[in-house]
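**Student:** Next come a sequence and a model predicted from it.
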Amino acid sequence: MKARLLAPVAGLLTATMVLAGCGAGGDRESDSGGEGGGASDVGVTEDTVTVGGHFPLTGVAAPGYSEIPTGAQAYFDYVNAAGGINGRQIEYIVKDDGYNPTNTSQVTNELVLQDEIFAMVGGLGTPTHSAVVDFLNSEGVPDLFVSSGSLQWGDDVESKPYTFGWQPDYEIEGKIIGQYIAENMPKAKVGLFLQDDDFGEDGEKGVRQYLDKQIVGVERYTSGNTDVGPQVAGLQAKGADLVIAFNTPSYTALTQLTSLALGYEPTWFYSNVGSDPQLVGSLLNRFSEGAVEGDNSSLNGVLTTEYIPGVDATDDPWVQLWQEVWDQEGEGGELTNYRIYGMSQAYAFVQALAAAGEDLTRDGLVEAVESFEDVTGPQLAPFRFSEDSHMGISGMRVVELQGGKAEELTPVLVSDIGDAPIEEDSSDQASDAPPEGGIPDGS
């Protein structure tokens, strides 16, 4: 970064904010549609299975997040080129909700009632997906792998029997961050910078299990309010020399710019959501109107977490597969961490389709996901799926960013919500390689 004070940046970001993915639906038996016919088979023919997703392809949240469905589409095309799953081609319909819950309701109605999708896959965002989760469950639509770490997708199976999380929830991320700091930085004066919704609340809940006595200040921001000067100055005034931030990439850029202007130099520990070096670097440059030369090194020294390997891990066999998929089926541009995220979700969905078998029903798909045991994939830790829990990936590791690369500071650590202990993952899943051909067995 250029070491000069920046002009106020609050007015620069309104049109380009990346908002948070961080909130509610029926009885599976009563909504199942009978024995293999009717509603259970909506979206399925002998040759195709049609699925959908809502994403911010335009508007405030499009940077980064709009790349997720391009990664999923590339992997589905890769699978289709190899013959599909159980003889069916995957047709993927993506609709733009602009990260607006009202739009999410409209496009989801279209996907379910007009396009007649078999399942929703990877719908993005807590405030947006909250607007449609009850509807999806009341219609008996499998609602798989929500792109958000909110607890709401996985810990209430009774009221949301068709909905599943995918990524680690924010509470266990907070726990793992909190334990790492308590063990390695016990004298740090900790400040919290939190998005003022489930994202920040769930993360804080986890952090406080380990760091309550070390926390000297808490500041919250509302998505869309681009002036974070009061919050950052508040943490500086409290003497916080380490700040844990549960925020999105735009607010990572904002806090970095504001700290530079204030001469405030704490250690930053950003949640996984807000720590993509490539995107944050571009946002720093854009928001500062070129005063900061943002690049992959802009977050050097920042601590964060990871639960799937990213583009920096060029020797990882999963990243090599994703590069092959993107080179073969991608729509242009480079492979990014957001496209890897979409491919990884799509891979899990293909696993579910394969496990559900040729006689494909909605309830059969849900039961297949609930039966995921010893299922390997690009995720570093196992899923927690069962009849009683629809929570996603169970853990992650702590890393430090240097030159756009993640340097491992811990092994993969796993936990669950509440007072479940944090333990080193014993599954050794992080060392598993993709199957030959890059498509799950049983397809």
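**Tutor:** Cool, the structure landed. Quick caveat, the model's predicted, so the values are computed rather than measured.

**Student:** from here on, contacts and neighbour counts on C-alpha atoms
**Tutor:** Fine.

**Student:** Okay, now the unreliable bits of the stretch 301-443 of the chain?
**Tutor:** Within the stretch 301-443 of the chain, the segments meeting pLDDT under 70 span 442-443.

**Student:** How about the contacts made by the closest residue to residue 122 other than its chain neighbours?
**Tutor:** Once its chain neighbours are removed from consideration, residue 122 has its nearest residue in residue 146; the separation is 4.6 Å (Cα to Cα, 6 or more residues apart in numbering). The contact partners of residue 146, by Cα atoms under 8 Å, 6 or more residues apart in numbering, come to 121-125, 129, 153, 163-166.

**Student:** Pull out the buried residues from the longest helix along the chain.
**Tutor:** The helix of greatest length in the chain, counted in residues with DSSP state H as the criterion, is given as helix 337-356. Taking 16 or more other Cα atoms under 10 Å as the neighbour-count basis, helix 337-356 is seen to contain the buried residues 337-356.

**Student:** which of the contacts of residue 146 tops the neighbour count?
**Tutor:** Scoring these on neighbours with other Cα atoms under 10 Å, the highest-scoring entry is residue 153 at 32 neighbours.

**Student:** Residue 214 is in contact with residue 188, isn't it?
**Tutor:** Yes. Residue 214 is in contact with residue 188 according to Cα atoms under 8 Å; the separation is 6.8 Å.

**Student:** so which helix or strand takes in residue 207?
**Tutor:** In this structure, residue 207 sits in helix 198-211 according to DSSP states H and E.

**Student:** then that helix to CSV, C-alphas only?
**Tutor:** C-alpha atoms of helix 198-211 as CSV (Å, rounded to 0.1, in the frame of the first residue of the first chain):
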residue,chain,number,x,y,z
ASP,A,198,-26.3,-13.7,11.8
PHE,A,199,-22.9,-13.6,10.2
GLY,A,200,-21.4,-11.5,13.0
GLU,A,201,-23.6,-12.9,15.7
ASP,A,202,-22.8,-16.5,15.0
GLY,A,203,-19.1,-15.8,14.7
GLU,A,204,-19.0,-13.8,18.0
LYS,A,205,-20.8,-16.7,19.7
GLY,A,206,-18.0,-19.0,18.8
VAL,A,207,-15.2,-16.6,19.5
ARG,A,208,-16.5,-15.8,23.0
GLN,A,209,-16.3,-19.4,24.1
TYR,A,210,-12.5,-19.0,24.1
LEU,A,211,-11.7,-15.3,24.2
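
**Student:** Quick check: which ranges of the stretch 1-150 of the chain have low pLDDT?
**Tutor:** Regions of the stretch 1-150 of the chain meeting the criterion pLDDT under 70 cover residues 1-40.

**Student:** Please enumerate the helices of it.
**Tutor:** 62-65, 68-81, 101-109, 126-129, 133-138 (DSSP state H, counting those that start in this stretch).

**Student:** Repeat that for the stretch 251-400 of the chain.
**Tutor:** With DSSP H, counting those that start in this stretch as the criterion, the stretch 251-400 of the chain has helices at 277-287, 317-329, 337-356, 362-370.

**Student:** State the mean pLDDT of the first one.
**Tutor:** Helix 277-287 shows an average pLDDT of 93 in the prediction.

**Student:** tell me the angle that helix makes with helix 337-356.
**Tutor:** Computed with axes from the mean of the first three to the mean of the last three Cα atoms, to 10 degrees, the direction of helix 277-287 lies at 140 degrees from that of helix 337-356.

**Student:** Pull out the buried residues from helix 277-287.
**Tutor:** By neighbour count, with 16+ other Cα under 10 Å as the criterion, the buried positions of helix 277-287 are 277-287.

**Student:** give me the number of residues near residue 441?
**Tutor:** When counting by other Cα under 10 Å, one arrives at 12 neighbours for residue 441.

**Student:** Then residue 289?
**Tutor:** Residues within reach of residue 289, counting by other Cα under 10 Å, total 14.

**Student:** And for residue 161?
**Tutor:** For residue 161, the count of nearby residues is 27 (other Cα under 10 Å).

**Student:** I'd say it and residue 138 touch.
**Tutor:** No. In this structure, residue 161 sits apart from residue 138 without contact. The criterion is Cα under 8 Å, and the distance is 9.6 Å.

**Student:** Residue 402 and residue 143, how far apart?
**Tutor:** Computed as Cα to Cα, to the nearest Å, the residue 402 to residue 143 distance reads 37 Å.

**Student:** of the two, who's got more company?
**Tutor:** For residue 402 versus residue 143, neighbours defined as other Cα under 10 Å are more numerous around residue 143 (27 against 17).
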